[in-house]
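Peer 1: coords please:
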Amino acid sequence: MVAPPETAPPDNDVLWARSLHYSHSGSPGLVGVSVGVRQGEILALTGPRGSGKTTLLRCLSGQLRPEQGEVWFNSVPVHTMGALARERLRRDRFGWIGPEPQLLPELKVWENAALPLLLAGASHRSAKHAACEWLERLDIGAFARKRPGALNRAECQRVALARALVNEPAVIFGDEPTAPLHRAERALLLRTLTTAARSHGITVVLATHDEETAAVADRRVPLLDGRPAATAPAAPEPPGPPAAETTEGQAACSLSA
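Peer 2: A predicted model of the protein is given here:
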């Protein structure tokens, strides 16, 4: 039996994490991070590379189990789930889009987009219909029967977004999803993602260092060195210039650190 957290997850938080710690080969990736994400909210995890954004995203999505701390999805403890249960959760309730499309080259475009539904046991016909609908919304319906090798990088990224949206998940996680795109393609991807999220009540958590991508969010959580930016240790200030010598009739200058 799982012991309840000291503080219960808020009812309107679809995702809730407390005091997450995770390290990569002994180097801290997350240090005591807590975050809550409301139903239908678009949240941006911001910060420079190496700040812990991707690690936090992977802990929230069940890809990683935190070494310490708790992750809850709709009041279900993700941090105590076994690997198979977390895999099913990601397949059935979550969508994911990263900086690389990671399409299967042997499958047609519509099959790549429909993959979450096909893996969940949906009929071939219904999965194809749903996938083609999203491909049309992303202006790549004409490529449905082609292989990914016939598409350029930006088109493949749109297929990856269609795959993330096809089963209308509760949460979509985006790890630098616009990183490989130029401005026009970035705008199209973000517009489709945010419109779908608003119309279907999908919660979105984005990890990004791109200001235009972060600007679509309702709220931001800045990270630095694996901690919320407000609690990260401040960098030491450089030493100030030596105090100027005082002369007769001049008040001495007082330099504060």
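
Peer 1: what's the spacing between the one helix or strand residue 195 maps to and its chain's center?
Peer 2: Per DSSP states H and E, residue 195 falls inside helix 183-200. Here the centre of helix 183-200 is set off from its chain's centre by 15 Å, with C-alpha atoms, centre = their mean, to the nearest Å.

Peer 1: what packs against the following helix or strand past it?
Peer 2: Per DSSP H and E, the first helix or strand lying C-terminal to helix 183-200 is strand 203-208. Helices and strands touching strand 203-208, as assessed by 3 or more C-beta pairs under 8 Å, 6 or more residues apart in numbering; DSSP states H and E, comprise strand 13-24, strand 27-38, strand 42-46, helix 53-60, strand 171-175, helix 183-200, helix 211-214. Glycine gets a C-beta too; all of them are placed from N, C-alpha and C.

Peer 1: helix or strand right after the last one?
Peer 2: Downstream of helix 211-214, the next assigned helix or strand under DSSP H and E is strand 219-224.

Peer 1: Tell me which residues are up against that following strand.
Peer 2: By C-beta atoms under 8 Å, 6 or more residues apart in numbering, the surrounding residues in contact with strand 219-224 are 33, 35, 41-48, 51-53, 56, 214, 228-230, 232.

Peer 1: Same question for stretch 179-198.
Peer 2: Outside stretch 179-198, the residues that touch it by C-beta under 8 Å, 6+ apart are 40, 42, 99-100, 137-139, 153-154, 157-158, 161, 165, 172, 174, 177-178, 202-204, 210, 212-213, 216.

Peer 1: And that stretch, what's buried?
Peer 2: Residues of stretch 179-198 classed as buried by neighbour count (16 or more other C-beta atoms under 10 Å): 180, 181, 185, 186, 188, 189, 190, 192, 193, 194, 196, 197.

Peer 1: Turn these into a markdown table, columns for pLDDT and distance to residue 73.
Peer 2: Converted to a markdown table, the buried residues of stretch 179-198 look like this (pLDDT from 0 to 100; distance: C-beta to C-beta, whole Å):
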| residue | pLDDT | distance to residue 73 |
| --- | --- | --- |
| 180 | 80 | 29 |
| 181 | 89 | 29 |
| 185 | 90 | 31 |
| 186 | 91 | 29 |
| 188 | 89 | 29 |
| 189 | 91 | 25 |
| 190 | 93 | 24 |
| 192 | 90 | 24 |
| 193 | 93 | 20 |
| 194 | 93 | 22 |
| 196 | 90 | 20 |
| 197 | 92 | 17 |
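
Peer 1: Show me what the one helix or strand residue 135 maps to is packed up against.
Peer 2: Element membership for residue 135 (DSSP H and E) is helix 124-137. Other helices and strands packing on helix 124-137, by 3+ C-beta pairs under 8 Å, 6+ apart, are helix 109-119, helix 153-165.

Peer 1: check contacts around residue 139.
Peer 2: 158, 188.

Peer 1: can you tell me the helix or strand for it?
Peer 2: Applying DSSP H and E, one finds residue 139 in no helix or strand.

Peer 1: Local confidence estimate at it?
Peer 2: pLDDT recorded at residue 139 is 91.
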